[in-house]
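Trainee: give me coordinates for this.
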Amino acid sequence: MQKQTSIFDTINAKQREPSRRGTFSLRPRTSSDGHGARLASVDLVQGKSIDVGQLTFEEVVAEGEYGGVTRGSYAANDDMCRDVSIKMLKDELLKSAEKRNMLTEIRLMRRIKCHENIVEFIGWSVSPGCVCIVEELMPFGSLLDYLRAQTSLADVDAVEGGDGDVVVTQHALLSFAQQIAAGMIHLSQLQVVHRDLACRNVYIDHENLVKISDYSIVRDVYTPNVYRQTTGGQLPVRWMAYEAIFNGEYTSKTDVWSFGVLLWELCTLGDIPYPNLIRTEQLLEELERGYRMENPGNISTDLFLLMDSCWNKLPTIRPTFNKLYADITALVHEEEDDVVHIDTEGILHEKRNKSSFSRMTSQDGNGSRIPTFASSVLVEEDEEASERDPCV
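Mentor: Now for the predicted structure:
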């Protein structure tokens, strides 16, 4: 009996095929292939070498498969001490290929010029017992956490005697989208593909300023302007473009697809994309058939068509980030004429109703917990998948 081929087998086979448009290896390259020479010819405009003694390591704020992120401080000199975020490689990986990858990342980050919507790269520290990247500390956490907190904040307001209505506004959400598009214009002009653009990788600073962070995902794109996936590991499938999933190819237009998903996240206050497709294999099969996410409700047709245009199967048909920025700016200007593009009050009302329904249906007659759709939405085909890591 012939073994049935799964969609995962098909994708893996496609990604093993040689690309007609070349590959990009994460291994440090010598000048014989031209890559090292190209790096040397690029103006290095950001960051500097930091002595590890100038860093104070405080609490761990995130931890992944290869390393972690620690809150800390950087004593630039006797008169100035700055709060920073320190990304470190795990000790057992200091002699592995991951160290070489991290050093490559440092070289690439050095040429990303400062921009108000990109997290600032302050510097790096490399010693026999430590490899770390130092970035500015974003004091208010991720945009995803901010969005998901809005329902709770509205509930608290109602309990304290308020009307429990809007906490986040349409203007704030459109401003976030506009700022992220501006940051992505900056990266695309530098021929850098992010590969994991999502609300979880955007952070909030003072006065609702948002900044894009990479956390070891950014990869450089030189000629022929495409990055082909050649390494293992978990992938953020729900944010990935069609050609990235099925062919392992990344360009600025794959980031445009992810930006469309990010817009959907904004307009649902942090819901998980493709909420009706729980299993990864089911999601991939539907994408291959041409399925795209529907209007989440409580947003204008103009805004939905904007995000939907990011999901065209043909990358060349998708808008550029310059076009997206211009279109979002137009929506912001329409807001001044009282045009509603995001009904935040309606979104919050709907979320509170779902939350109440979930609490009522998540207990049986004996008061025991039973599975609900909300708690299983992140259950994936991969055994490694869990609620803490949607990147499968």
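
Trainee: end-to-end on stretch 196-208?
Mentor: 22 Å (CA to CA, to the nearest Å).

Trainee: err, stretch 206-213, not the other one
Mentor: The first and final residues of stretch 206-213 sit 16 Å from each other (CA to CA).

Trainee: could you do stretch 112-131 as well?
Mentor: Span of stretch 112-131 from end to end, CA to CA: 20 Å.

Trainee: what residues does the nearest residue to Lys48 once chain neighbours are set aside make contact with?
Mentor: In space, and not counting its chain neighbours, Lys48 is closest to Gly123: 4.6 Å by CB to CB, 6 or more residues apart in numbering. The C-beta positions use only the backbone N, C-alpha and C, and glycine is treated the same way. The neighbourhood of Gly123, defined by CB atoms under 8 Å, 6 or more residues apart in numbering, consists of Gly47, Lys48, Ser49, Ile50, Tyr74, Val134.

Trainee: change it to 10 Å
Mentor: Shown in contact with Gly123 (CB atoms under 10 Å, 6 or more residues apart in numbering): 46-51, 54-55, 74, 76, 84, 106, 109-110, 132-135.

Trainee: ok, now Met293?
Mentor: So Met293 contacts 238, 260-261, 264, 268, 273-277, 304, 307-308, 311 (CB under 10 Å, 6+ apart).

Trainee: dump these to TSV, plus pLDDT and secondary structure.
Mentor: As requested, the contacts of Met293 are arranged in TSV below (pLDDT from 0 to 100; DSSP: H, G, I helix; E, B strand; the rest coil):
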residue	pLDDT	secondary structure
Arg238	95	helix
Gly260	98	helix
Val261	98	helix
Trp264	98	helix
Thr268	96	coil
Pro273	96	coil
Tyr274	96	coil
Pro275	93	coil
Asn276	92	coil
Leu277	91	coil
Phe304	98	helix
Met307	97	helix
Asp308	98	helix
Trp311	98	coil
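
Trainee: from these, keep the buried residues only.
Mentor: Buried by 16 or more other CB atoms under 10 Å: Arg238, Gly260, Val261, Trp264, Thr268, Pro273, Tyr274, Leu277, Phe304, Met307, Asp308, Trp311, out of those.

Trainee: which helices and strands sit right next to the host helix or strand of Ala326?
Mentor: Using DSSP states H and E, Ala326 sits in helix 321-335. Packing partners of helix 321-335 (3 or more CB pairs under 10 Å, 6 or more residues apart in numbering; DSSP states H and E): helix 170-189, helix 252-267, helix 301-309.

Trainee: if you set the cut-off to 6 Å instead, what comes out?
Mentor: helix 170-189 (3 or more CB pairs under 6 Å, 6 or more residues apart in numbering; DSSP states H and E).

Trainee: list the buried residues of the helix it packs on.
Mentor: 170, 172-188.

Trainee: strands paired with the helix or strand following it, and their directions?
Mentor: Next helix or strand after helix 170-189 toward the C-terminus (DSSP H and E): strand 192-193. Using DSSP bridges, the strands paired with strand 192-193 are strand 219-220 (antiparallel).

Trainee: what segments of this protein are helices?
Mentor: 7-16, 35-41, 97-110, 143-159, 170-189, 242-247, 252-267, 280-289, 301-309, 321-335, 344-361, 373-376 (DSSP state H).

Trainee: now render these as TSV, adding distance to Gly68.
Mentor: What follows is the helices of the chain, written out as TSV (distance: least, CB to CB, whole Å):
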stretch	distance to Gly68
helix 7-16	29
helix 35-41	27
helix 97-110	13
helix 143-159	18
helix 170-189	24
helix 242-247	26
helix 252-267	24
helix 280-289	26
helix 301-309	33
helix 321-335	31
helix 344-361	32
helix 373-376	27
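
Trainee: so which of those helices is nearest Val202?
Mentor: helix 143-159 (4.2 Å; CB to CB).

Trainee: report the rounded mean pLDDT for that closest one.
Mentor: Averaging pLDDT along helix 143-159 gives 78.

Trainee: what's the answer for stretch 324-342, then?
Mentor: On average, stretch 324-342 scores 92.

Trainee: what residues sit buried inside that stretch?
Mentor: Leu324, Tyr325, Asp327, Ile328, Leu331, Glu335, His341, Ile342.

Trainee: same question, stretch 76-90
Mentor: Buried, per 16+ other CB under 10 Å, within stretch 76-90: Val84, Ser85, Ile86, Lys87, Met88, Leu89.

Trainee: if I look at the second one, how far off is Glu120?
Mentor: Remark: distance between Ser85 and Glu120 (CB to CB, to the nearest Å) = 10 Å.
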